[in-house]
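Participant: quick one, structure for this:
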Amino acid sequence: MNSADFWASVRNIIAEGFTPEGLQKLDTYAAEFISGRLVYQRFSPHEQHGCAAGGHANVVASLLAGAEAGADSESPSALSDYERERQQGAKQEAAIERWAKAVGLWTADVEQSLPQSLGEQIAEGGEAKVYDHGATLIKSIGLDYFIQPVFALDRIALHNAYFPETRLTVLGFGRDSRGEFKIIAEQPFIDGQPVSDADIADYMRQMGFELKNARNWTYATPDIYLSDMHDENVIRSNRTNTLFVVDCDIRINTPELRQGGQRSLTTDVRFE
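Facilitator: Numbers count the residues shown, from 1 in each chain. Alright, predicted model coming up:
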């Protein structure tokens, strides 16, 4: 099976409404992705492992989003770049929502359901609300920074690849009271203290990242764009004195980001 045939198969599963046969085929594709037999060339092998570390739901959603990200927009010549992104994002949301409902991973009203079932809200950031769940945190992650789910799911894969100690595991999906799409993920709770900008910069240098913009805490390599690396998102553990990145804006570094990136956002796959 080549790349075109694979994505045609996934789009056919979506078009048929996630029949039992389609769901079984999706599970097979996810298992092949996790084993490494299906190679998603959007990611390096290390990053594909990070996607798999986000759990089965993360892998399936990434494939569904990839299928719709590669689909043609309707009336493309009449759309602005933003409108085209919104249209593709809506298609990705719809596919993931229908799949999540079919397999019981959909939450209709995230803001009401999560406090009742998982714990009280303890923090809110630019794109996520955080709930206390004892030894772990539950995050309701929106698309404010991304527009398209595929980019939010990329972020989970990349976070898990580069910061595995605080990996994000996708539990499901939903919408809030305003109808906005949410990814529901779990992350270990780190008991610790904020870290100085100087210590964060030193930590990033040790990982091979170059400081690009101190005003918005942006670092990069030719492969990865990393921003929002400030003292609320990096914690020094009280127990081990180790630094942990609990939140950040991490992306595939493409030339369009103007930070020395050399990557492309391909959706090509191959089977080994």
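Participant: residues touching M1, list them.
Facilitator: M1 is in contact with 9, 271, counting by CB atoms under 8 Å, 6 or more residues apart in numbering. Every residue, glycine included, has its C-beta placed from N, CA and C.
Participant: how much space between it and A95?
Facilitator: Separation of M1 from A95 (CB to CB, to the nearest Å): 20 Å.
Participant: check L23 too.
Facilitator: Taking CB to CB as the criterion, L23 is separated from A95 by 13 Å.
Participant: which one's more surrounded, these two?
Facilitator: A95 (24 against 15; other CB atoms under 10 Å).
Participant: that one falls within a strand, correct?
Facilitator: No: when classified by DSSP: H, G, I helix; E, B strand; the rest coil, A95 is found to be helix rather than part of a strand.
Participant: that one and L64 touch, don't they?
Facilitator: Yes: distance between A95 and L64: 4.5 Å, which falls inside the contact criterion (CB atoms under 8 Å).
Participant: tell me, how many residues neighbour the closest residue in space to E180 that isn't next to it in sequence?
Facilitator: When the adjacent residues along the chain are set aside, E180 lies closest to G142, with 5.8 Å between them (CB to CB, 6 or more residues apart in numbering). Taking other CB under 10 Å as the neighbour definition, G142 ends up with a count of 21.
Participant: likewise A198?
Facilitator: A198: 8 surrounding residues under other CB under 10 Å.
Participant: what of the one 10 residues further on?
Facilitator: Residues within reach of G208, counting by other CB under 10 Å, total 11.
Participant: is it true that it touches T221?
Facilitator: Yes: taking CB under 8 Å as the contact criterion, G208 and T221 are neighbours in contact, 5.7 Å apart.
Participant: and the helices in the stretch 51-200 of the chain?
Facilitator: With DSSP state H, counting those that start in this stretch applied, the stretch 51-200 of the chain shows helices at 56-69, 81-103, 110-117, 149-162, 197-206, listed in chain order.
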